[in-house]
Structure formats: C-alpha cells, structure tokens
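Undergrad: below: sequence and its predicted model.
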Amino acid sequence: LLLRLCTGFLRSWEKCNLKKFFFLYRTLRYVPESSKDKIISDEDVFETLLKLFKALFINDFNRQAPILALLPEIRSKYLELQTVEQKRSKVNSCSHQSRCVFSPEEVLFNTLGFTVSRDRSSLVSAGTGVFVTKGFVPKGMVVSIYPGTVYRKHEPIFFQSLGNPFIFRCIDGVLIDGNDKGLSRSVYRSCSRRDQLGPFQMSDESWLTATLQNPLAVGQYVNNCSRAANVCYQEFDVPGYFPVELKQYLPNIVYSHDLESHPRCVVLVTLRDIKQGEELFSNYYTVVS
Ligand SMILES: C[S@@+](CC[C@H](N)C(=O)[O-])C[C@H]1O[C@@H](n2cnc3c(N)ncnc32)[C@H](O)[C@@H]1O
C-alpha cells in the first residue's frame with residue numbers, strides 16, 4: 001500500500017504545476033534561443049576539457065596501467081605526449097627526478113594557468129563559495145564544471161530533491177543533482193559504478209570527497225550574486241567520440257543507463273577576466289532575451 005501511495009504521489013508530482021513552480025522558483029533560466037546561451041563554442045569547451053584531462057592522465061600514468069594494457073595504441077600515444085611533457089618538466093623544476101608527479105591542482109595551473117577551490121564565501125551567511133586561488137582566468141575560459149547525476153525530464157528525482165539546493169535545471173528540463181551528501185551521493189556512486197567497464201571508469205567520483213581528481217569539479221558551490229556575476233553556466237553534451245580513457249575525469253553520470261545518451265555537462269565560463277583571490281559568482285536566475 002505504501003509503495004502504491006508513493007508511486008501515485010510521484011506520478012502526480014511529475015505532472016503537477018507545483019513541481020514546475022518548485023524548480024523554476026529556484027533556478028529560473030529563460031532562454032528563448034539556445035544559441036544565445038553560449039558564451040564560447042562547444043569546440044572550445046571540448047578542447048579545454050581535453051587539454052586538461054590529457055594532462056591529468058599523463059600525470060597519473062602509473063595508475064592507468066590496467067587501461068593501457070588493454071589499449072596498446074593509446075599507450076604509445078600517451079608515451080609520446082609524456083616524453084614531450086617530461087622534457088618540458090626537466091627544463092623547469094624536475095631536473096633531479098626521473099619523473100615529476102604533480103597534484104591535480106598543480107596540473108590545472110600548469111595547463112590552464114589558474115587553480116580554483118572551495119572556501120568560506122565572502123558573502124555573509126552564504127556558506128561555502130568558490131575562489132580563484134592561484135593565477136589568472138581570462139574572459140571566456142572554462143573555469144569550473146557543475147558535477148552531479150543527470151536526470152532527464154521523466155526520471156524520478158523527488159526524494160533526492162527534498163531540501164536540496166544543488167539541483168541545476170538545464171534549458172531543456174534536464175536536471176543535474178550536484179549534492180555531494182545523503183541520497184544524492186549514494187545515487188551518483190551507484191550510477192557511476194554501474195557504468196564502469198572493467199578498468200574504464202565512465203565518470204569521476206572524487207568530487208564526492210575532499211581529494212578531487214578533476215580540480216574543476218566544484219561548480220555546484222558557486223554562489224549567486226546577480227549584480228556581480230563573473231561566470232555563467234553553459235551546457236555541453238559530451239560527444240560520442242570523447243576519448244574513453246579520459247571519461248574517468250568527467251564528474252557527471254546519467255541516472256538511467258542508455259547506450260544512446262551522452263552525459264550532459266554544465267561548465268562555468270568567465271564573463272570577464274578574474275584575478276587571484278576573487279570569488280566566483282553566477283546568476284542563478286539567468287534570463288537571456
Ligand atoms: C548551490 S548552493 C551553493 C553552495 C552553498 N553556498 C553551500 O555552502 O552549500 C546554493 C545555496 O547557497 C546559498 N547561497 C547562494 N548564494 C547566496 C547569496 N548570495 N546569499 C546567501 N546565500 C546564498 C543558498 O543557501 C543557496 O540555497
């Protein structure tokens with residue numbers, strides 16, 4: 001009986017306007033023409049992610065042994081890249097070591113010229129925020145990613161959504177649950193492990209912990225300040241040709257496994273140059289007309 005009641009309630013919830021009001025109230029983004037929502041092109045987003053993920057992969061080469069054993073052609077590709085990288089490192093600070101292993105934050109700095117991390121917000125009572133901790137971020141740069149489980153319109157998110165301020169609504173109604181605690185956390189881990197193919201992880205779980213493998217995966221902690229917004233959200237559908245060995249750095253997973261669907265990512269793009277020490281602010285209620 002309880003199960004029937006719950007199912008009935010969920011069905012009504014999916015249909016009723018209350019749900020629309022609930023999500024729109026918190027995350028309104030009215031964008032009549034989706035093309036106008038893009039600050040930079042999808043190709044630029046793809047190239048930036050690829051550049052960083054390749055650098056993280058090379059830096060973490062020893063841990064990648066099971067993947068490389070299965071894909072010898074990938075092994076030779078990355079060995080070449082690694083040799084180039086090692087030569088560059090020797091010129092810099094690693095002359096006494098056969099190989100430098102950097103932290104993911106250092107890889108981010110060496111690759112894109114900045115680091116970002118979570119800290120107490122400069123806004124009173126806004127909890128945690130995200131700051132540029134080192135370097136400089138030019139206008140039109142991917143500065144962060146919104147991690148989480150990706151739900152299509154019809155998929156059940158009722159229990160995960162209760163009291164959850166981390167649900168992001170995309171233009172087409174797709175929802176991303178970036179909560180790293182409670183039920184949301186369990187759902188993400190479960191979906192992530194479900195999709196793992198032998199040694200190939202299809203997504204990154206480390207954003208649920210304090211030790212991030214992908215240092216950009218902190219976008220869910222960016223606070224709202226519409227007057228001072230220096231970043232905006234941009235949707236990016238991960239293409240089918242995204243290198244399988246680099247999917248382990250994607251902090252998004254689809255709720256329902258479907259061979260056809262590619263995960264949706266939401267990246268945060270800078271609206272102006274941002275200097276070291278500045279907090280990132282977005283506009284939760286974007287209206288582009
Ligand atoms: C997606 S979370 C952002 C991370 C959040 N600051 C935290 O510590 O978990 C959204 C929540 O952050 C808080 N928040 C965001 N912007 C704020 C602001 N300008 N002033 C006060 N609280 C804010 C609100 O509690 C909101 O529900």
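TA: Structure received. Numbering: from 1, shown residues only.

Undergrad: what's around the residue nearest to residue 102 when sequence neighbours are not counted, how many residues?
TA: Closest residue to residue 102 in three dimensions, ignoring its sequence neighbours and counting by CB to CB, 6 or more residues apart in numbering: residue 59, at 5.5 Å. In short, each C-beta sits where N, CA and C put it, glycine included. The burial count assigned to residue 59 is 21, neighbours taken as other CB atoms under 10 Å.

Undergrad: go ahead and confirm residue 59 touches residue 101.
TA: Yes. With contact defined as CB atoms under 8 Å, residue 59 counts as touching residue 101 (6.3 Å).

Undergrad: worst-scoring helix or strand of this protein, pLDDT-wise?
TA: Ranked by mean pLDDT, DSSP states H and E, the weakest helix or strand in the chain is helix 17-27, scoring a mean of 42.

Undergrad: okay, now residue 237: neighbour count?
TA: 13.

Undergrad: same question for residue 123.
TA: Neighbours around residue 123, by other CB under 10 Å: 14.

Undergrad: okay but it is in contact with residue 223, surely?
TA: Yes. In this structure, residue 123 is within contact of residue 223 by CB under 8 Å, at 6.0 Å.

Undergrad: relative to residue 164, how far out is residue 49?
TA: 26 Å (CB to CB, to the nearest Å).

Undergrad: higher neighbour count, these two?
TA: residue 49 (22 against 17).

Undergrad: now do the contacts for the residue of the stretch 101-250 of the chain found nearest the ligand.
TA: Using CB to the nearest ligand atom, the single residue of the stretch 101-250 of the chain nearest to the ligand is residue 127, 2.6 Å away. Shown in contact with residue 127 (CB atoms under 8 Å, 6 or more residues apart in numbering): 120-121, 223.

Undergrad: mean confidence (pLDDT) on the lengthiest helix in the chain, please.
TA: The single longest helix within the chain, with elements called by DSSP state H, is helix 72-91. Mean pLDDT, helix 72-91: 74.

Undergrad: identify each buried residue in the next helix or strand after that helix, please.
TA: Later in the chain than helix 72-91, the nearest helix or strand by DSSP states H and E is helix 104-112. Residues of helix 104-112 classed as buried: 104-105, 107-112 (neighbour count, 16 or more other CB atoms under 10 Å).

Undergrad: just to revisit the earlier point, among the contacts of residue 127, who's most crowded?
TA: residue 121 (19 neighbours).

Undergrad: give me every residue that touches the residue nearest to that residue when sequence neighbours are not counted.
TA: Leaving aside its chain neighbours, residue 121 sits nearest to residue 129 (3.3 Å; criterion: CB to CB, 6+ apart). Neighbour list for residue 129: 118-123, 221-223, 279-280 [criterion: CB under 8 Å, 6+ apart].

Undergrad: mind giving me TSV with those and columns for distance to the ligand and pLDDT?
TA: Formatted as TSV, the contacts of residue 129 follow (distance: CB to the nearest ligand atom, whole Å; pLDDT from 0 to 100):
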residue	distance to the ligand	pLDDT
118	8	98
119	10	98
120	9	98
121	6	98
122	10	97
123	5	96
221	5	98
222	7	98
223	4	98
279	10	98
280	11	98
